[in-house]
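# Have a look at this prediction, sequence included:
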Amino acid sequence: MNLPSLDEPNLAGGRIQRSSSLVEDVYEAIFAQLMSLKIAPGSRITVDSLVKEFNVSHTPIREALGRLEGEGLVLKTHLIGYRAAPQITKRRFDELYELRLLLEPHGAAKAAALMDEVKLAQLQESAGVMARREGKDERLRYSNFARQDAIFHDKVMEFANNELVRETLAHQHTHFHIFRLMFHSRVTEEALDEHEAILAAFAAADPAAAEQAMRRHIEHSRDRLLLTFD
Ligand SMILES: [Zn+2]
């Protein structure tokens with residue numbers, strides 16, 4: 001890809017804009033393949049094969065892979081190249097769920113105590129996006145669900161009003177790692193009902209109910225995915 005030179009100021013804006021949405025498209029496509037296990041955990045990712053598959057230049061592929069590296073889904077080794085991050089271990093899985101159970105039910109209770117109509121509408125919107133089964137591509141739907149689930153849980157922690165706790169959870173990219181354990185509609189369908197229960201507690205501004213609904217959701221999520229390690 002040729003970046004516009006400085007003496008073409010009118011072209012610059014358009015081209016850069018186009019190229020950033022191209023990076024976004026390429027990123028989403030690779031993200032969907034990683035989340036739906038089309039790119040297997042631990043496997044090599046060659047830039048050349050992605051160039052061929054998506055029919056784009058190296059630049060957007062490298063930019064997309066760099067972003068995925070920042071999210072812990074892709075590893076880059078000097079002189080060797082890229083590979084998909086390995087599946088999390090059972091030990092790390094247990095640790096992640098212990099961390100979530102320590103922090104998120106309490107966060108949900110705090111968020112419920114501080115709930116107002118504006119926040120409730122935001123939470124309902126982000127849960128609602130998950131419920132809509134848009135698009136034919138099952139892989140894209142699954143990866144979108146994983147991202148939206150991450151956004152929903154992050155929003156609850158934002159409204160719980162403790163940035164350190166929120167950052168601690170966000171830093172783990174938990175949702176990307178756990179959704180990648182299994183590519184199955186059960187993971188998404190049951191979670192929708194559990195989110196409804198959390199939203200009902202928020203709508204009632206009931207801290208005890210919100211804490212319990214969040215705890216149940218995380219425990220059920222853990223139990224659904226535990227099957228991966230059998
Ligand atoms: Zn969830």
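Great, that's in hand. Numbering: from 1, shown residues only.
# Quick one: classify K38 as helix, strand or coil.
coil (DSSP: H, G, I helix; E, B strand; the rest coil).
# wait, S43 sits on Y82?
No. With contact defined as Cβ atoms under 8 Å, S43 does not reach Y82; the gap is 10.0 Å. Where you see a C-beta, it was placed from the backbone N, CA and C, and this is true even at glycine.
# ok, the two, which is more surrounded?
Shown here are S43 and Y82; by other Cβ atoms under 10 Å, Y82 has more neighbours (21 against 12).
# so that one sits in a helix?
No. Remark: Y82 does not belong to a helix; assigned using three-state DSSP, it is strand.
# Can you give me the distance of the residue nearest to it when sequence neighbours are not counted to A127?
Leaving aside its chain neighbours, Y82 sits nearest to I45 (4.3 Å; criterion: Cβ to Cβ, 6 or more residues apart in numbering). For I45, the distance to A127 (Cβ to Cβ, to the nearest Å) stands at 32 Å.
# Not counting its own residues, what contacts whichever strand or helix holds D48?
D48 is part of helix 47-54, with elements assigned from DSSP states H and E. Contact with helix 47-54 is made by V26, A29, I30, S57, H58, I61, R62, L65, G81, Y82, as judged by Cβ atoms under 8 Å, 6 or more residues apart in numbering.
# going on from the helix or strand hosting P105, what's the next piece of helix or strand?
Using DSSP H and E, P105 maps to helix 90-113. Moving toward the C-terminus from helix 90-113, the next helix or strand (DSSP H and E) is helix 117-131.
# where does this structure have low pLDDT?
Within the chain, the segments meeting pLDDT under 70 span 1-19, 131, 133-136, 185.
# So which residue is smack in the middle of the protein?
R147 (3.0 Å; Cα atoms, centre = their mean).
# separation between it and T59?
Distance, R147 to T59, using Cβ to Cβ: 24 Å.
# hang on, the earlier thing: show me what whichever helix or strand comes after the helix holding D48 is packed against.
Note on helix 47-54: by DSSP H and E, the next helix or strand toward the C-terminus is helix 58-70. Contacts defined by 3 or more Cβ pairs under 8 Å, 6 or more residues apart in numbering; DSSP states H and E place helix 58-70 against helix 9-35, helix 47-54, strand 74-77.
# Leaving out chain neighbours, which residue sits closest to A40?
A84 (6.6 Å).
# Repeat that for A112.
Nearest to A112 is A210, by Cβ to Cβ, 6+ apart, at 3.7 Å.
# and R147, what helix or strand is that in?
Assigned by DSSP H and E, R147 belongs to helix 138-159.
# what angle sits between whatever helix or strand comes next after that helix and helix 90-113?
Heading C-terminal from helix 138-159, the first helix or strand you meet, by DSSP H and E, is helix 163-171. If you take axes from the mean of the first three to the mean of the last three Cα atoms, to 10 degrees, helix 163-171 sits at 140 degrees to helix 90-113.
# between helix 163-171 and helix 138-159, how many degrees?
Between helix 163-171 and helix 138-159, the angle comes out at 170 degrees (the same axes, to 10 degrees).
# what residues does the helix or strand following helix 163-171 touch?
Past helix 163-171, further along toward the C-terminus, the next helix or strand under DSSP H and E is helix 174-179. For helix 174-179, the surrounding residues in contact (Cβ under 8 Å, 6+ apart) are 35, 71-73, 88, 92-93, 96, 100, 142-143, 145-147, 149-150, 153, 187, 221, 225.
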